[in-house]
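Undergrad: please work out how this folds:
(one chain, ligands or ions: 1)
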Amino acid sequence: MIFLLDSHCDSPLMLVKGADFGKKVEQGYTPGKFPVTHTDFARMKKGGVNGSFYAIYTSNALAPDEATRRAFELISRVYDTVEQNGDKVALTTTVAQAKRNCKNGLISIFMGMENGSPIQKDLSMLRMFYRLGIRYMTLTHAGNNEICDSCAPKEKRWGGVSPFGRDVIAEMNRLGMLIDVSHLSDNSFWDVLKYSKAPVVATHSCCRALSDHPRNMTDEMIKALAENGGVLQINFYPAFLDQEYAAKFWDKADAFDIADKAWMKDQNNKELQDALKIATEEMNAIPRPSYKKIVDHIDHVVSLVGVKHVGIGSDFDGIETCPDGLEDISKMQKIIIELRKRGYKEHEIRLIAGGNFLRVMDAAQRLGEE
Ligand SMILES: [Zn+2]
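TA: Modelled structure (predicted):
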């Protein structure tokens with residue numbers, strides 16, 4: 001049986017914005033109607049998705065107490081949603097539980113924390129988030145924090161992982177919480193591999209050899225990640241998948257983000273509504289790469305390190321555009337079909353679809369118990 005796992009979805013953001021995943025939420029931009037989501041439980045089921053890691057994302061721009069508060073807010077929405085949809089989904093923290101859910105026809109909802117800022121400089125807070133169900137932590141996001149440097153800013157703060165970050169890594173290893181290296185600077189990545197006793201994951205990144213962006217991983221990084229027993233989960237974001245698309249995309253995406261933020265604050269303002277519509281149309285006018293690019297990135301990882309170190313982490317509900325042909329989570333099976341077309345055997349597809357990530361999660365949890 002294939003357990004199809006998506007290791008990174010920004011769905012909690014949509015829950016805070018008022019999305020009801022128990023109801024079908026239409027995809028596509030509708031002025032005056034919000035939120036626009038790539039996922040809901042009916043579409044997950046249609047896409048044959050058995051499990052998803054919901055990202056508890058906080059911006060590096062938030063002050064420490066705000067970040068902590070925001071993380072609790074997002075987690076509380078996930079709890080409420082799961083409780084209200086107990087016939088469809090279950091909050092999940094272990095691989096054994098995920099497999100049981102699958103047998104019982106339930107989708108597993110896991111939680112990962114994207115950016116370690118909410119723990120502030122306090123390992124006790126890290127333990128509290130673990131108790132709430134967080135099973136991986138992306139050490140930082142688009143800024144340098146107390147734990148390590150990000151790939152985004154030019155100016156780095158630590159040159160890799162900070163002294164406190166080393167303590168965080170040790171405590172995550174002890175708890176059996178996965179360390180996520182997506183968004184990290186290259187030096188932070190190498191430091192994590194040096195200090196972590198458990199295999200690590202990149203929950204939503206692509207290959208730099210195919211598309212040169214600091215969010216993507218070099219061949220050397222992929223080889224080292226595999227050697228450590230970890231896994232790279234390919235991101236669906238067209239701007240990471242395809243360099244040609246990215247060259248045209250970033251300016252339009254910035255304009256969209258500005259228009260979107262302005263409209264969010266005053267949703268009945270007709271002028272702001274129109275401005276957002278234009279920004280959206282201009283962004284969407286750039287021809288998007290095919291979803292087959294995702295499989296090109298999978299192929300690349302396989303060619304470097306074999307089938308045991310790659311998977312998928314869509315970044316749905318957190319990206320402005322999706323690949324052509326994979327506009328929302330209901331179309332996930334297209335990846336499986338494309339893998340078959342390219343000659344992958346069923347046992348290999350099982351690994352890529354989720355087996356690899358679950359194996360690494362189990363390994364980290366077992367090491368933690370020792
Ligand atoms: Zn991210």
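
Undergrad: pull the residues that contact stretch 95-106.
TA: By CB atoms under 8 Å, 6 or more residues apart in numbering, the residues outside stretch 95-106 that reach it are 1, 3, 5, 50-51, 88-90, 92, 107-108, 110, 358, 361-362, 365. For the C-beta atoms, the positions are set from N, CA and C on the backbone; glycine is no exception.

Undergrad: try 10 Å
TA: 1-5, 45, 50-51, 82, 85-92, 94, 107-110, 354, 357-363, 365 (CB atoms under 10 Å, 6 or more residues apart in numbering).

Undergrad: mind checking which of those are buried?
TA: 2-5, 45, 50-51, 82, 85, 88-92, 94, 107-110, 354, 357-361, 363, 365 (16 or more other CB atoms under 10 Å).

Undergrad: in this structure residue 285 contacts residue 256, no?
TA: No: counting by CB atoms under 10 Å, residue 285 stays clear of residue 256, with 11.6 Å between them.

Undergrad: more crowded one of those two?
TA: residue 256 (21 against 9; other CB atoms under 10 Å).

Undergrad: contacting residues around that one?
TA: Residue 256 neighbours (CB under 10 Å, 6+ apart): 249, 276, 278, 279, 280, 281, 282, 283, 284, 320, 321.

Undergrad: secondary structure element for it?
TA: helix 243-265 (DSSP states H and E).

Undergrad: please enumerate the helices of the stretch 201-350 of the chain.
TA: 219-227, 238-241, 243-265, 270-284, 292-305, 333-341, 346-350 (DSSP state H, counting those that start in this stretch).

Undergrad: residue contacts, the closest residue to residue 107 other than its chain neighbours?
TA: Among residues not flanking residue 107 along the chain, residue 89 sits closest, at 4.7 Å (CB to CB, 6 or more residues apart in numbering). If you count contacts by CB under 10 Å, 6+ apart, residue 89 has them with 21-22, 41, 44-45, 51-52, 78, 81-83, 101, 106-109.

Undergrad: repeat that for 7 Å
TA: Going by CB atoms under 7 Å, 6 or more residues apart in numbering, residue 89 touches 41, 82, 106, 107, 109.

Undergrad: roughly how far does it sit from residue 70?
TA: Note on residue 89: its distance to residue 70, by CB to CB, to the nearest Å, is 23 Å.

Undergrad: for the nearest residue to residue 130 once chain neighbours are set aside, the count of nearby residues, please.
TA: Once flanking residues are discounted, residue 130 sits nearest to residue 175: 5.0 Å by CB to CB, 6+ apart. Residues lying near residue 175 (other CB under 10 Å) number 21.

Undergrad: and what of residue 78?
TA: The burial count for residue 78: 22, using other CB under 10 Å.

Undergrad: any regions of this protein where pLDDT drops low?
TA: Low-confidence regions of the chain, defined here as pLDDT under 70, cover residues 24-35.

Undergrad: which residues touch the nearest residue to residue 232 once chain neighbours are set aside?
TA: Leaving aside its sequence neighbours, residue 232 sits nearest to residue 202 (CB to CB, 6+ apart; 4.7 Å). Residue 202 makes contact with 180, 181, 182, 217, 225, 232, 233, according to CB under 7 Å, 6+ apart.

Undergrad: max pairwise distance over these: which two?
TA: Largest separation among the contacts of residue 202 by CB to CB: 180 and 217, giving 12.5 Å.

Undergrad: more neighbours, these two?
TA: residue 180 (32 against 24).

Undergrad: extract the C-alpha set from the helix holding residue 256 and format it as CSV.
TA: This file holds the C-alpha atoms of helix 243-265, laid out as CSV (Å, rounded to 0.1, in the frame of the first residue of the first chain):
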residue,chain,number,x,y,z
GLN,A,243,15.0,28.9,-13.0
GLU,A,244,13.5,30.3,-16.2
TYR,A,245,10.2,30.9,-14.5
ALA,A,246,11.8,32.3,-11.4
ALA,A,247,13.6,35.0,-13.5
LYS,A,248,10.2,36.4,-14.6
PHE,A,249,8.4,35.7,-11.4
TRP,A,250,9.9,37.4,-8.4
ASP,A,251,9.0,41.0,-9.3
LYS,A,252,5.4,40.1,-10.0
ALA,A,253,5.3,38.1,-6.8
ASP,A,254,6.5,41.0,-4.7
ALA,A,255,3.8,43.2,-6.3
PHE,A,256,1.2,40.6,-5.5
ASP,A,257,2.3,40.2,-1.9
ILE,A,258,2.1,44.0,-1.4
ALA,A,259,-1.4,44.2,-3.0
ASP,A,260,-2.6,41.1,-1.0
LYS,A,261,-1.4,42.5,2.4
ALA,A,262,-3.1,45.9,1.6
TRP,A,263,-6.4,44.2,0.7
MET,A,264,-6.3,41.8,3.7
LYS,A,265,-6.4,44.9,6.0
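
Undergrad: so what's the gap between it and the chain middle?
TA: Chain-centre distance of helix 243-265: 20 Å, with CA atoms, centre = their mean, to the nearest Å.

Undergrad: may I see the buried residues of that helix?
TA: 245, 246, 249, 252, 253, 255, 256, 259, 260, 263.

Undergrad: surely the last one meets residue 273?
TA: Pointing back at residue 263 there. Yes: at 6.2 Å, residue 263 counts as touching residue 273 under the criterion of CB atoms under 7 Å.

Undergrad: the closest residue to residue 22 other than its chain neighbours and residue 11: what is the separation?
TA: Of all residues not flanking residue 22 in the chain, residue 85 sits nearest, at 4.8 Å (CB to CB, 6+ apart). The spacing between residue 85 and residue 11, counted by CB to CB, is 12 Å.
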